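K.L.:
Curious how this folds, go ahead:
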Amino acid sequence: MSTIALSLALAASASGAWALGHSPQDPVRVPPTIEQFAAFPYLSSLSVSPDGRHMVGLEARGEDRVILVWDTSDFNKEPIRIGSSEMKIRGVQFIKNDRLAVSLWEPWDIAVGGGTNGTFISKLMITDLQGRNWRDPMDALRTRSRAEAEAARWASPTILDTLPNDPNNILALLGNDVYRINLQTNRGERIHRSGERVIAYDTDLTGELRTRTIADRDAGGLYIATQFRSANSAWDEHIRTYIKDREVFAVAGFSTDPNIAYVISNRGRDKAAIFEYDIANRRIGEVLFEHPLFEATGVAIETTEGPKFGEILGFGYSGPRQEFYTVDAELTALRQGVEQALGIEQAPVRIVDTATGAARTIRYANNRYVEIVSYSDDLNTAVLFVGGVNDPGEYFLLRNKTELLPIAKPYPQLDPATLGTTELVYYKARDGLDIPAFLSKPSAEMYGPGPYPMVVMPHGGPWARDQMDWDGSMWRQLMTSRGYAVLQPQFRGSDGWGDRLWKAGDNEWGQTMQDDLDDGVTWAVAEGHAIADRVAMYGFSYGGYAAMVAGIRPNGLYRCSIAGAGVSDLTKIRSSLFRNPYTREAQLETVNGLNPVSRAGEVSIPMLVFHGARDTTVLLEQSEGFVNGARSSGQNIQYEVIPDYGHGPAWTRDIAAQQLRLVDDYLKTSCGEGGLAAPR
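P.N.:
I've put the predicted structure just below:
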């Protein structure tokens, strides 16, 4: 038995004050209630301080959450509790050994004309480990007028660099300007004033601004330019890529050699890889990391001064879920030791390259996996998450590299045995393109071997993708626990599976993109996973658009459809949805196809349409316009507006439950006569 495994056996047998969530499960399999799904995780936002002496996290208390700060050397000691009497706490992280950055939010009404627009406002606050001294970083900035001071009061910066080797300062972004904020004096200094074309900055290992990203337009169209800062502080353009070419070039980090940067690029390839970049010669050099099947997403570098300063620790890539490939020997040994101690097993998984159609089998931690959530600079202390795609899992604290202590289960009220199984599958679209998908089935113990009633659940975006991990929205788990299979197609237009699949969705909204969803139904029925006349579609945002289209296209595949915050008017969305200049310009010329609002009267199946009253991403008018037209179809169209709900997440647990209950009740009773599970 390994050292870590032996320590685990000893540590798990002791019930420390905070080793919660280990009571025996009820052997009677009962689907979780809506309230259990809607509850906050018992613990979340866990991380350790850079020196490893403290751990911080959020503890759920019904409708609110409080910050807990532990002394990692003594888990029997009561943690410090820090609450908020005004805004709700949303997240917490260490920015220094003795300082926490806390994100908070609340509903906010903006006066517009003679009425108000409902939205939410977020604030970033900084406090010490006792919660005695709260500071708003905006107070550190000098304002020149009352109007500017009022604007600063409601503005919130983002942290650009925690400056791990500077005990007093951090770098923050406010708009496009960069500030150095002294956490001891709460004084701010603007170190770089920027223009509106700037969309991002990168700092090097010393905390100096080294690159910035510009979005602009020339005769060739919208482009993204990467500029490096020269020795005389001038900004020199190195790479210009045009959005129409969908070429990726992004700085991922810096070497200790001031002439070497690490970049992510997909130039001349289907999937992005990580390269060395020679700054002096403006040349992409050697490949540092590439995966034959998945996109590379980033590089982790040791940024704290010490013997490993500047060394690469590992690389990120977008496998079935976001993965981290370690190259540092110490970090690799840590992960392997924990996997051995906790019995993490790999299984064969078939992967198809969406660019070529070639298939190969890899070994993958499919059902249960370990994630290194946070670790100290010396790697002696770490927070680990152990769970699965249908297992909400458990957090552990690794101390002194040898002692593994259970902390808590985030959802002790949810029985994984009631939530079914999930696997990565592939099927052929009608034009021969390989479509990845995640197929989830309900518990065979509770609902038999199948086939099952099925819900097709397209993701939002559409420049996004699903992951083979725990679904924080609870949509998938809700459905499998009720006996429905769930198919999540990674239809053309999905990002993260390679260039070919991504570009194939351009201007195919409601057309070949929708064919991919329908072809998934045909495949699932033919393979014996789904019952042909008991298939529904549920989607949110772009998925809501797809659910609207499912009600219009006369293919007879769906018994009902549920559209959450769906896009119905592509004309309006092209001009108003993409408020971020880069996103607007990047996606503008790819958004075209079937316009649901103009064909809403052709709806041929029952539909539920719901929308949040405070949604500023997809405006309420998008659902209202569709519903007004769809009601002339003669179909049963149910429409619900959820107060104090935005584009997610839910403001209260009651709102979270309301949204889940809408979907649950509709599938059970209103999806065709007798509900989705009833035979026709």
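
K.L.:
Quick one: end-to-end distance for stretch 202-219.
P.N.:
End-to-end distance of stretch 202-219 (CA to CA, to the nearest Å): 28 Å.

K.L.:
Can you tell me what sits against it?
P.N.:
160-161, 163, 165-166, 171, 178, 191-192, 194, 197-201, 222-229, 235, 237, 250-251, 254-256, 258, 261, 301, 303, 309-310, 581-582, 585 (CB atoms under 8 Å, 6 or more residues apart in numbering). All C-beta spots, glycine's among them, are computed from the backbone N, C-alpha and C.

K.L.:
Mind giving me the ChimeraX select for these, buried ones only?
P.N.:
Here is the ChimeraX selection string for the buried members of these, based on 16 or more other CB atoms under 10 Å:
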select :160,161,163,166,171,178,192,194,198,199,200,201,222,223,224,225,226,227,228,229,250,251,254,255,261,301,303,310,585
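
K.L.:
Could you point out which residue ranges in this protein have low pLDDT?
P.N.:
Residues of the chain meeting the criterion pLDDT under 70: 1-27, 113-114, 142-153, 574-589, 680.

K.L.:
Helices of that one, start to end?
P.N.:
For the chain, the helices defined by DSSP state H cover 3-13, 34-38, 146-154, 329-341, 444-447, 475-481, 499-503, 512-526, 542-552, 570-576, 581-588, 621-630, 653-665.

K.L.:
how about these, which one is nearest Leu594?
P.N.:
Nearest to Leu594, of all the helices of the chain, is helix 542-552, at 5.7 Å by CB to CB.

K.L.:
That closest one versus helix 621-630: what angle between them?
P.N.:
10 degrees (axes from the mean of the first three to the mean of the last three CA atoms, to 10 degrees).

K.L.:
on contacts alone, who are the packing partners of helix 542-552?
P.N.:
Other helices and strands packing on helix 542-552, by 3 or more CB pairs under 8 Å, 6 or more residues apart in numbering; DSSP states H and E, are helix 512-526, strand 530-540, strand 560-564, strand 607-612, helix 621-630.

K.L.:
tell me how far the second one is from the chain's mean position?
P.N.:
In other words, strand 530-540. Centroid displacement of strand 530-540 relative to its chain, using CA atoms, centre = their mean, to the nearest Å, is 25 Å.

K.L.:
Would you mind listing the buried residues in it?
P.N.:
Buried, per 16+ other CB under 10 Å, within strand 530-540: Ala530, Ile531, Arg534, Val535, Ala536, Met537, Tyr538, Gly539, Phe540.

K.L.:
And the first one, how far from Gly543?
P.N.:
To tie it back to what came earlier, the one meant is Ala530. Ala530 is 18 Å from Gly543, where distance means CB to CB, to the nearest Å.

K.L.:
returning to that earlier point: out of the contacts of stretch 202-219, which sit inside strands?
P.N.:
Among the contacts of stretch 202-219, the members falling in strands (DSSP state E) are 160-161, 171, 178, 191-192, 198-201, 222-229, 235, 237, 250-251, 254, 261, 301.

K.L.:
First-to-last residue distance for stretch 549-560?
P.N.:
12 Å.

K.L.:
buried set for that stretch?
P.N.:
For stretch 549-560, burial by neighbour count (16+ other CB under 10 Å) applies to Val549, Ala550, Gly551, Ile552, Arg553, Leu557, Tyr558, Arg559, Cys560.

K.L.:
residues making contact with it?
P.N.:
By CB under 8 Å, 6+ apart, stretch 549-560 touches 456, 510, 514, 517-518, 521-522, 533-537, 561, 563, 594, 596, 599-600, 602-608, 630, 635, 666-667, 670-672, 676, 680.

K.L.:
OK, contacts around the nearest residue to Asp569 once chain neighbours are set aside?
P.N.:
Leaving aside its sequence neighbours, Asp569 sits nearest to Val597 (CB to CB, 6 or more residues apart in numbering; 4.5 Å). Residues in contact with Val597, defined by CB under 8 Å, 6+ apart, are Ser568, Asp569, Gln622, Gly625, Phe626, Gly629.

K.L.:
Among these, find me the one that's closest to Pro643.
P.N.:
Gln622 (17.6 Å).

K.L.:
ok, the closest one - how many residues close by?
P.N.:
Applying other CB atoms under 10 Å, we find 27 residues neighbouring Gln622.

K.L.:
gap between the residue nearest to it when sequence neighbours are not counted and Glu624?
P.N.:
Leaving out its chain neighbours, the residue that sits closest to Gln622 by CB to CB, 6+ apart is Ser568, at 4.8 Å. Ser568 sits 9 Å away from Glu624, going by CB to CB.

K.L.:
Please consider this matter closed, and thank you.
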